[in-house]
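Visitor: next come a sequence and a model predicted from it.
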Amino acid sequence: MVHDVLADEADNYSLRTDVLTGGVSIARSLGLWLAVEGSAVTVERLPGRAAFPRAGASTRLFTLAHGQVGRPPCPPLRWPLRAPT
C-alpha cells in the first residue's frame, strides 16, 4: 500500500492524496524501487525527471520489517499552504 500525497503548486497548493494498492508496478509508477532483503523491504527513490533538484542516482528512503510503516524524510510544511506572492 502506498499513500501518495501531493501539494500541487500549479493548483494553488491544494492537497491531493491517493491510497494505492497492488503489486510492485504501483511503486514503480511513483518512481520507487522495492528490494527484498531477507524478511525486510528496502524502499528507494529512483532518479526522477524533475528539473531541480535533479538526483542522478537512486536514494535509499528506508527499510521496513513486517508490520512497520515508513515515511520518507521531507521538509516541514507550513499550514495553511499558500501560493507564493
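Guide: That came through fine. Quantities reported herein were computed from a predicted structural model and do not represent experimental measurements.
Visitor: show me where the chain has its helices.
Guide: Residue ranges of the helices in the chain, as given by DSSP state H, are 24-29.
Visitor: and the strands in it?
Guide: For the chain, the strands defined by DSSP state E cover 2-8, 14-20, 32-37, 40-45, 59-64.
Visitor: mean neighbour count, these: which tops it?
Guide: Compared across the strands of the chain, strand 40-45 shows the largest average neighbour count, a mean of 16 (mean count of other Cβ atoms under 10 Å). The way it works is simple: take the backbone N, C-alpha and C, and place the C-beta from them, glycine included.
Visitor: CA atoms of that one as CSV?
Guide: Extracted in CSV, the C-alpha atoms of strand 40-45 (Å, rounded to 0.1, in the frame of the first residue of the first chain):
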residue,chain,number,x,y,z
ALA,A,40,12.6,-6.8,5.1
VAL,A,41,11.8,-4.5,2.2
THR,A,42,14.0,-1.6,1.2
VAL,A,43,12.4,1.4,-0.5
GLU,A,44,14.5,3.6,-2.8
ARG,A,45,13.5,6.7,-4.8
